[in-house]
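Engineer: Let me see the structure of the following:
(6 chains)
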There are 4 protein chains.
Amino acid sequence: MQQEHRPLGRPRQDHKEKPTKNVILDVATRLFLEQGYQVVSMDDVAKKCGVTKATVYYYYKTKADLFTDAMVQMMIRIRKRIFDILSADKPLKDRLLEFAKAHLQATVDIDLKGFMKEAKTSLSKDQLQQMKEAEDKMYEVLEQALINAMEKGDIPQGHPKLGAHAFVSLLTVGNYKDSDQKPIFPSIDEMTEQIVDFYWNGLAK
Amino acid sequence: MQQEHRPLGRPRQDHKEKPTKNVILDVATRLFLEQGYQVVSMDDVAKKCGVTKATVYYYYKTKADLFTDAMVQMMIRIRKRIFDILSADKPLKDRLLEFAKAHLQATVDIDLKGFMKEAKTSLSKDQLQQMKEAEDKMYEVLEQALINAMEKGDIPQGHPKLGAHAFVSLLTVGNYKDSDQKPIFPSIDEMTEQIVDFYWNGLAK
Amino acid sequence: MQQEHRPLGRPRQDHKEKPTKNVILDVATRLFLEQGYQVVSMDDVAKKCGVTKATVYYYYKTKADLFTDAMVQMMIRIRKRIFDILSADKPLKDRLLEFAKAHLQATVDIDLKGFMKEAKTSLSKDQLQQMKEAEDKMYEVLEQALINAMEKGDIPQGHPKLGAHAFVSLLTVGNYKDSDQKPIFPSIDEMTEQIVDFYWNGLAK
Amino acid sequence: MQQEHRPLGRPRQDHKEKPTKNVILDVATRLFLEQGYQVVSMDDVAKKCGVTKATVYYYYKTKADLFTDAMVQMMIRIRKRIFDILSADKPLKDRLLEFAKAHLQATVDIDLKGFMKEAKTSLSKDQLQQMKEAEDKMYEVLEQALINAMEKGDIPQGHPKLGAHAFVSLLTVGNYKDSDQKPIFPSIDEMTEQIVDFYWNGLAK
DNA sequence: CATGAATGAGATTTCATTCAT
DNA sequence: AATGAATGAAATCTCATTCAT
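Structural biologist: Take a look at the predicted model:
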């Protein structure tokens, strides 16, 4: 299924920018993120790609396959991104700030837990497992950064897994909008700073 | 439609314990929580209630209506529960511990954000608004408790709305299970304590 | 089913203007005329009457019964009306003019043929027969007026049944509106006159 | 979707006579004419075509779409037919006779007004407009024939639109059957002649 | 006389999926 | 590699009708 490597030699005259399979995956990822698993139909994906349903089925045997691949690939990309951000040579808090800002600037809010529940009845055990593992690996990157910081004494010893999950869950606060569509803080910058500060200091002094 | 009070005199021959409408609402609430809006069909609800689809439609004109009512009623119940817990005459941290424990003991994990996204395309504007408002009111109870604690000097001045949302979002960490189905902490008690501690103290000392 | 006679003695304190059965029949007649047999539901009728469906069923055993009664009663009323108009002591053409005007002023256009086709699959043979007979009797009134006029020499001998149907069918021209919603003649008066003139004189000189 | 022209070369192994879409349209047209819009279900159409409901929906997105297309195509065919008949090089009265006979020989009686009322609540504005326009164009062909005859002096000057509608409405008299199922005239030939005569001469001498 | 509750049958519509070409 | 045609199964919703009260 993977054919990432460029074909050798001169590319075809019709050098379409992206191979169809990639287009499908990208479109599907966006649609699933925006609307959820159940709501998005294979026809929706096909139409947005400018191909027919049958073409989508040519590349992905089932909708569950397409969804799983879309989500897993996305988590892999995100993990890389997190890794890059957290690898910078800066104080941990600065790196967390950058992480948070990047997350909150993304237009769509990735509600993995929601996806899991929605798809639970439709995905095979194996597919759920694949997604879980990809999710775990995302958290591990952050966890590792916390472990490193603890070893260096930048932050006190603590439970790094809790720390990692706590940080990501706090970020979801940034996407909250109340019944008047108002977020908790008016600007993304302020939001970012407040959340990271809260994470850093806790409620008590 | 509400006839909570017992009728005077001898009860009807068929003294069914709950009126059908309540049965439907309860069953629907559970199913929606467990499986999400799209996956649950009106027939699923009907069958679990031991009635026909048409009966469900007799009480709720559309699936969206049933869903909205189910979610709003549930949020109202939760809000009352939170209010009771937070009204106790105890230190704030103890009250938060009780809140957290109650939340984490509930079998189903309420992923409001996920519901909102899933239902966004199916609910009317008015219905979304109703849900949003019920959600807001849930947070306000916690927010108010934080405000009171700040006024009394139990916790330092801060942004109470952020504090409220941060707490609830941190609770979701308690429901996380990794790819081996292992939660972050083995017991609910330990989970509760660690999460509230983290909330209370933050990452840094 | 008929209980037309007033009860003797002082009427009840709550002298509701019309007995429920009449209300139902009137409302049903109007709805069926406006929308057709299939489109109108028993619930529509009930709601417009301010009663429940069960009440409608109390008076009419089936929808087909209600429809048949509504249509037959209506045709009886119309027949009376036609009879009155055609009994006047005026030249035939004047009476026809009055007939035509009365017909075209009625807000709803009675498309009996359409009703028959729509209801054909739903009505019993007997019910269709009842409607047919009521329809026939309507035409007979007009037919008789033509026979009388022929006997008196007011119009030439001819086929009176054809004459009757021709007149009624020509009246439907008055309800025609083109794709811009424009009728053939701007005012009902002109329409009436032109149609009756056409009927009277024919196409050729 | 149109592939009227025969494909070059050897025909496909399954050389079905008519493409499925045409079969559906033809069957639907007949059913709608015979029973009306509401009574005919998509399943009825599908079964008569030997396909499944889903196939019907593959070609027509909604029942209203199918109905509109069926009616409009039918009116276009009728208009062509009327045009051919009225284009013959014969006296107008003879052409009208032929027109009338053709109309009365058709097994189903096309009650456009009834269709419009029945479908009014189910069709979109655009669809109603399409039907209206097709209907208008049918009348225009007849209207034009009358205009030409007036210019040539074959018939006296008059209101051609009225003349066109009057003629078509008079034709409906030919389909009338009384409560004993007897038409006004025993044979189609006599019916035709009497109706056209009536149209031509009017009631008065 | 009137109603609220309930239902069975059926309508429209959607959609993941297959298959021959 | 891609498609058009077709389908089975299921989902949402409607409605005439019944019945106990």
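
Engineer: Can you check the pLDDT for residue A:13?
Structural biologist: Per-residue pLDDT puts residue A:13 at 50.

Engineer: So which residues on chain A come close to DNA strand F?
Structural biologist: Residues of chain A lying close to DNA strand F (C-beta under 7 Å from any atom of the strand) are A:20, A:51, A:52, A:53, A:54, A:55, A:57, A:58. No exception for glycine: its C-beta is placed from N, CA and C like everyone else's.

Engineer: Recalculate using a threshold of 10 Å.
Structural biologist: Taking C-beta under 10 Å from any atom of the strand, the part of chain A that reaches DNA strand F is made up of A:3, A:16, A:19-21, A:23-24, A:38, A:42-43, A:46, A:49-59.

Engineer: Residues of chain A that sit close to DNA strand E?
Structural biologist: By the rule C-beta under 10 Å from any atom of the strand, the part of chain A lying against DNA strand E is A:37-46, A:52-58, A:60-67, A:122.

Engineer: now with 6 Å?
Structural biologist: A:41, A:42, A:43, A:53, A:54, A:57, A:62, A:63 (C-beta under 6 Å from any atom of the strand).

Engineer: helices or strands up against the helix or strand of chain A with the lowest mean pLDDT?
Structural biologist: Across the helices and strands of chain A, mean confidence by mean pLDDT, DSSP states H and E is lowest for helix A:112-120: a mean of 86. On a contact count with 3 or more C-beta pairs under 8 Å, 6 or more residues apart in numbering or on different chains; DSSP states H and E, helix A:112-120 meets helix A:63-86, helix A:125-152, helix B:112-120.

Engineer: In the record's domain split, what are the boundaries for chain A?
Structural biologist: Following automatic domain parsing, chain A resolves into domains at A:18-60, A:73-201.

Engineer: For those domains, give me CSV that also has mean neighbour count.
Structural biologist: As requested, the domains of chain A are arranged in CSV below (neighbours: other C-beta atoms under 10 Å in any protein chain shown):
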stretch, mean neighbour count
domain A:18-60, 17
domain A:73-201, 17
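
Engineer: Throw those domains into CSV and include distance to residue C:98, thanks.
Structural biologist: Formatted as CSV, these follow (distance: least, C-beta to C-beta, whole Å):
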stretch, distance to residue C:98
domain A:18-60, 61
domain A:73-201, 64
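
Engineer: how about the ones you listed, which one is nearest residue C:127?
Structural biologist: Judged by C-beta to C-beta, the one of those that comes nearest to residue C:127 is domain A:18-60, at 46.1 Å.

Engineer: still on that earlier bit, now go through the residues of chain A next to DNA strand F and say which are in helices.
Structural biologist: Taking DSSP state H as the definition of helices, those contribute A:20-21, A:23-24, A:42-43, A:46, A:49, A:53-59.

Engineer: Might you list the low-confidence residue ranges for chain A?
Structural biologist: For chain A, the stretches flagged by pLDDT under 70 are A:1-16, A:107, A:203-205.

Engineer: Report the distance from stretch A:147-160 to the chain centre.
Structural biologist: Chain-centre distance of stretch A:147-160: 25 Å, with C-alpha atoms, centre = their mean, to the nearest Å.

Engineer: what's the span of that stretch from first residue to last?
Structural biologist: With C-alpha to C-alpha, to the nearest Å applied, stretch A:147-160 spans 6 Å between its terminal residues.

Engineer: how about stretch A:135-151, does it get close to chain B?
Structural biologist: Yes - against chain B, stretch A:135-151 shows contacts by C-beta under 8 Å from any C-beta of the partner chain at A:135, A:136.

Engineer: Columns distance to chain C on top of the residues of chain A next to DNA strand E, output as TSV?
Structural biologist: Output for those, formatted as TSV (distance: C-beta to the nearest C-beta, whole Å):
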residue	distance to chain C
A:41	31
A:42	36
A:43	32
A:53	35
A:54	39
A:57	40
A:62	41
A:63	38
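
Engineer: just these now: which is nearest residue D:159?
Structural biologist: Nearest to residue D:159 among the residues of chain A next to DNA strand E, counting by C-beta to C-beta, is residue A:43 at 53.1 Å.

Engineer: Can you give me every residue that contacts the nearest residue to that closest one once chain neighbours are set aside?
Structural biologist: Spatial nearest neighbour of residue A:43, excluding adjacent residues (C-beta to C-beta, 6 or more residues apart in numbering or on different chains): residue A:53 at 5.4 Å. Listed by C-beta atoms under 8 Å, 6 or more residues apart in numbering or on different chains, the contact partners of residue A:53 are A:42, A:43, A:46.

Engineer: quick check, residue A:90 in a helix?
Structural biologist: No - with DSSP: H, G, I helix; E, B strand; the rest coil as the criterion, residue A:90 is coil rather than part of a helix.

Engineer: mind checking how far it is from residue C:160?
Structural biologist: 105 Å (C-beta to C-beta, to the nearest Å).

Engineer: and if you look at residue A:171?
Structural biologist: Distance from residue A:171 to residue C:160, by C-beta to C-beta: 89 Å.

Engineer: could you check the distance from residue A:137 over to residue A:130?
Structural biologist: The value you get for residue A:137 to residue A:130, if C-beta to C-beta is used, is 11 Å.

Engineer: between those two, what contacts are shared?
Structural biologist: Common neighbours of residue A:137 and residue A:130, using C-beta under 8 Å, 6+ apart, do not exist here.

Engineer: Name the nearest residue to residue A:202, ignoring sequence neighbours.
Structural biologist: residue B:202 (2.4 Å).

Engineer: What of residue A:56?
Structural biologist: Residue A:56's closest residue in space is residue A:46 (C-beta to C-beta, 6+ apart), at 4.9 Å.

Engineer: Would you check that the one you found makes contact with residue A:59?
Structural biologist: No - at 10.7 Å, residue A:46 and residue A:59 do not qualify as touching, with contact defined as C-beta atoms under 8 Å.

Engineer: Compute the inter-axis angle for the least confident helix or strand of chain A and helix B:112-120.
Structural biologist: 50 degrees (axes from the mean of the first three to the mean of the last three C-alpha atoms, to 10 degrees).

Engineer: Return helix A:112-120 as PDB; C-alpha atoms alone will do.
Structural biologist: What follows is helix A:112-120 as a C-alpha-only set of coordinates in PDB (Å, rounded to 0.1, in the frame of the first residue of the first chain):
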ATOM      1  CA  LEU A 112      -9.300  11.700  19.500                       C
ATOM      2  CA  LYS A 113     -11.500  10.400  22.300                       C
ATOM      3  CA  GLY A 114     -14.600  11.300  20.400                       C
ATOM      4  CA  PHE A 115     -13.300   9.600  17.300                       C
ATOM      5  CA  MET A 116     -12.600   6.500  19.200                       C
ATOM      6  CA  LYS A 117     -16.000   6.200  20.700                       C
ATOM      7  CA  GLU A 118     -17.700   7.000  17.400                       C
ATOM      8  CA  ALA A 119     -15.700   4.500  15.500                       C
ATOM      9  CA  LYS A 120     -15.600   1.800  18.200                       C
END
